[in-house]
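S.K.: Show me the folded form of this:
(4 chains)
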2 protein chains.
Amino acid sequence: MPKQKHEALQIQFGEHIQKIRLKKGLSLRSVAANCELDDSNISKIENGKFNVQLSTIVELAKGLGVEKRELLEF
Amino acid sequence: MPKQKHEALQIQFGEHIQKIRLKKGLSLRSVAANCELDDSNISKIENGKFNVQLSTIVELAKGLGVEKRELLEF
DNA sequence: AATATTGCGGTTATAAATTACCGCAATTTG
DNA sequence: CAAATTGCGGTAATTTATAACCGCAATATT
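M.R.: Residues are numbered from 1 along each chain as shown, chains lettered A, B, ... in the order given. Sure thing, here's the model as predicted:
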């Protein structure tokens, strides 16, 4: 059945997120420290495992210290 | 239990989406015709009922004919 | 070398999004 | 007026995200 219908999108998003994080020299745990997500889940997001929700995008932006719009610039 | 933890965010997003749609003079059904979402669900999104997923944001952008980043500019 | 940090995979439970319909009441259009 | 359009609420089934952990292997730090 529909398993992983949006994988390509999730991977693109994950790579984008990781690029932003690494450019800032942040660790997964330091991002997690600034938002309501834990590092293992951020890792999964970066690796394209999740089709994240709006609220999660907002948390990521908070954790990364960027505007949410930037997370969709990929 | 946690029912509607992100309601404020969802409502803001919904209002933003609707504003874009109305500015373009589109009906819910015409937006739906350009993407993989049905009009009743777009209505629910506009009314803040859903914490939409990334793939849904991308579909909305397609349906509305705008860049996905614009959907997070609110 | 010993310790800490880091990335990441796994798990289980729970809440929720999505799909794909129906149908109505109100407004618009011909 | 008649017909079409429109916004939107409801539903059921299915899939999925998320939270909140654990722990390990590799790398970095002291």
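
S.K.: so where's chain A uncertain?
M.R.: A:1-4 (pLDDT under 70).

S.K.: residues from it in reach of chain B?
M.R.: A:5-6, A:9-10, A:13, A:51-55, A:57-58, A:68-69, A:71-73 (C-beta under 8 Å from any C-beta of the partner chain). All C-beta spots, glycine's among them, are computed from the backbone N, C-alpha and C.

S.K.: how about 6 Å then?
M.R.: A:His6, A:Leu9, A:Phe13, A:Asn51, A:Val52, A:Gln53, A:Leu54, A:Ser55, A:Lys68, A:Arg69, A:Leu72, A:Glu73 (C-beta under 6 Å from any C-beta of the partner chain).

S.K.: Output these in TSV; the columns should cover secondary structure, neighbour count and distance to DNA strand C.
M.R.: What follows is these, written out as TSV (DSSP: H, G, I helix; E, B strand; the rest coil; neighbours: other C-beta atoms under 10 Å in any protein chain shown; distance: C-beta to the nearest atom of the strand, whole Å):
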residue	secondary structure	neighbour count	distance to DNA strand C
A:His6	coil	19	9
A:Leu9	helix	17	12
A:Phe13	helix	25	14
A:Asn51	coil	19	7
A:Val52	coil	25	10
A:Gln53	strand	19	6
A:Leu54	helix	23	8
A:Ser55	helix	16	8
A:Lys68	helix	19	16
A:Arg69	helix	17	19
A:Leu72	helix	22	14
A:Glu73	coil	13	20
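
S.K.: In CSV: the residues you listed, plus distance to B:Gly63.
M.R.: Formatted as CSV, the residues of chain A next to chain B follow (distance: C-beta to C-beta, whole Å):
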residue, distance to B:Gly63
A:His6, 16
A:Leu9, 16
A:Phe13, 19
A:Asn51, 18
A:Val52, 20
A:Gln53, 19
A:Leu54, 16
A:Ser55, 21
A:Lys68, 20
A:Arg69, 19
A:Leu72, 16
A:Glu73, 20
